[in-house]
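Q: got a structure for you, letters missing:
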């Protein structure tokens, strides 16, 4: 993973490289910031640059033996820790799931916690960093380096670390063996245990600049620049969320049919149809449900543009515009805002493993009440 592979974050890249050139490398750093901002790829790129045999002023070379191993995430001095689930006879440590982790990270560096659970086929379980992991970290870091001058321990989502594991690591993080670099990657800094947080140097990673993200989207997915700007704006600098929007766009026709049925049921106050709709969407995976709710948020956002006659900011397709035009007379501007709040709340519950049937049916009934007022 090179710095050039990371979208935006020019200032952060410069600061990280400067700490290496000035020999001011902190032994324990906490990369924190919003989801989808590139914290994990930045940590890997930093480690790769520090280990590179022929670094340039701005990046690792990408071709030396060290870089080639980093590109495959198999460098012997690069260690990962991440939340795992307890499953059968497997020990609840990262090494038991390292193959899945490497595949996910190489294919989709900007993945989310929920997507990781999906990779583990454990969407309905919570993952954690357990006590056994702390023992593994201590064992590994007490070994000598193999090839690099430094050993790297990248801990993804330290907020998922249980107290027993954290307490075991306090001394190691505070006084690690020589040439050891801890990099903790957090999406919820406030939930990192204070005893862990106080022993790290915080590095705030902002959301990706929306113009830079839009440019990347347009180039990567061959999307019209106006549409790419819309996706970037809705994603608020979150690349993982932007990918969700793009996947939702690719499945747009399917979601349009579902939206049409849902709106018809709510406008007609057809409870039976709402229940059938709930059953159909509940049968899909959690990511698909989230993608539909993202689509719904976007649909009502575009309806808002129609209500305010701001057509220049409307990005609905022809069939979507026709559906929006039919429904608009039934839904006032004030109601649209409240509908969006209800959908966002449902998305939040689905993301946190709420029961889909209950969440979606409750959402439908709440929207019926809003529309029928």
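A: Cool, the structure landed. Note that the structure is predicted; figures quoted are calculated from it, not measured. Numbering: from 1, shown residues only.

Q: how distant is stretch 217-227 from the center of its chain?
A: 20 Å (Cα atoms, centre = their mean, to the nearest Å).

Q: where does the stretch 101-250 of the chain dip in pLDDT?
A: 122-124, 248-250 (pLDDT under 70).

Q: and the helices in it, which stretches?
A: According to DSSP state H, counting those that start in this stretch, the stretch 101-250 of the chain carries its helices in the segments 113-119, 131-141, 163-174, 194-197, 210-221, 225-235, 239-250.

Q: nearest to residue 52, out of the ones you listed?
A: Of all these, it is helix 131-141 that lies closest to residue 52, at 21.6 Å by Cβ to Cβ. Using the backbone N, CA and C atoms, a C-beta is placed for each residue, glycine as well.

Q: between helix 163-174 and the closest one, find me the angle.
A: 20 degrees (axes from the mean of the first three to the mean of the last three Cα atoms, to 10 degrees).

Q: the helix ranked longest in the chain: what's the following helix or strand?
A: In the chain, with assignment by DSSP state H, the single longest helix is helix 286-307. Using DSSP states H and E, the helix or strand that directly follows helix 286-307 along the chain is helix 318-327.

Q: give the buried residues for whichever helix or strand comes after that next one.
A: Later in the chain than helix 318-327, the nearest helix or strand by DSSP H and E is helix 333-351. By neighbour count with 16 or more other Cβ atoms under 10 Å, helix 333-351 contains the buried residues 335, 336, 338, 339, 340, 342, 343, 346, 347, 349, 350, 351.

Q: of the residues you listed, which is the nearest to residue 55?
A: Nearest to residue 55 among the buried residues of helix 333-351, with distances taken as Cβ to Cβ, is residue 351, at 39.2 Å.

Q: which phi and psi does the most centrally placed residue in the chain have?
A: Closest to where the C-alpha atoms of the chain average out (Cα atoms, centre = their mean) is residue 112, at 3.1 Å. Backbone torsions of residue 112, given as degrees, to the nearest 10, read phi -110, psi 170.

Q: give me the number of residues near the residue nearest to residue 26 when sequence neighbours are not counted?
A: Of all residues not flanking residue 26 in the chain, residue 201 sits nearest, at 4.0 Å (Cβ to Cβ, 6 or more residues apart in numbering). Residues contacting residue 201 under the criterion other Cβ atoms under 10 Å number 14.

Q: average model confidence for stretch 254-268?
A: Stretch 254-268 carries an average pLDDT of 89.

Q: what of stretch 20-36?
A: 90.

Q: likewise stretch 7-16?
A: Per-residue scores along stretch 7-16 average to 93.

Q: contact partners of that stretch?
A: Stretch 7-16 is contacted by residues 3, 6, 37-38, 42, 45-46, 49, 58, 203, 205-206, 208-209, 212-213, 216, 239 when judged by Cβ atoms under 8 Å, 6 or more residues apart in numbering.

Q: buried ones only from those, please, as a ChimeraX command.
A: Here is the ChimeraX command that selects the buried residues among the contacts of stretch 7-16 (16+ other Cβ under 10 Å):
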select :3,6,37,38,42,45,46,49,203,205,208,209,213,216,239
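
Q: give the residue spans of the stretch 251-373 of the chain that score low on pLDDT.
A: Checking the stretch 251-373 of the chain against pLDDT under 70 turns up 251, 306-318.

Q: quick check, residue 289 in contact with residue 280.
A: No. Using Cβ atoms under 8 Å, residue 289 makes no contact with residue 280, being 10.7 Å away.

Q: tell me the domain boundaries of this protein?
A: As recorded under automatic domain parsing, the domains making up the chain are 3-204, 251-372.

Q: which among those is found nearest to residue 233?
A: domain 251-372 (9.5 Å).

Q: ok so, going back, okay, now the nearest residue to the residue nearest to the centre of the chain once chain neighbours are set aside: neighbour count?
A: Leaving out its chain neighbours, the residue that sits closest to residue 112 by Cβ to Cβ, 6+ apart is residue 240, at 5.1 Å. By other Cβ under 10 Å, the residues close to residue 240 number 19.

Q: JSON lines for the buried residues of helix 333-351, including distance to residue 27?
A: Formatted as JSON lines, those follow (distance: Cβ to Cβ, whole Å):
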{"residue": "335", "distance to residue 27": "55"}
{"residue": "336", "distance to residue 27": "51"}
{"residue": "338", "distance to residue 27": "50"}
{"residue": "339", "distance to residue 27": "50"}
{"residue": "340", "distance to residue 27": "45"}
{"residue": "342", "distance to residue 27": "47"}
{"residue": "343", "distance to residue 27": "45"}
{"residue": "346", "distance to residue 27": "43"}
{"residue": "347", "distance to residue 27": "39"}
{"residue": "349", "distance to residue 27": "40"}
{"residue": "350", "distance to residue 27": "39"}
{"residue": "351", "distance to residue 27": "34"}
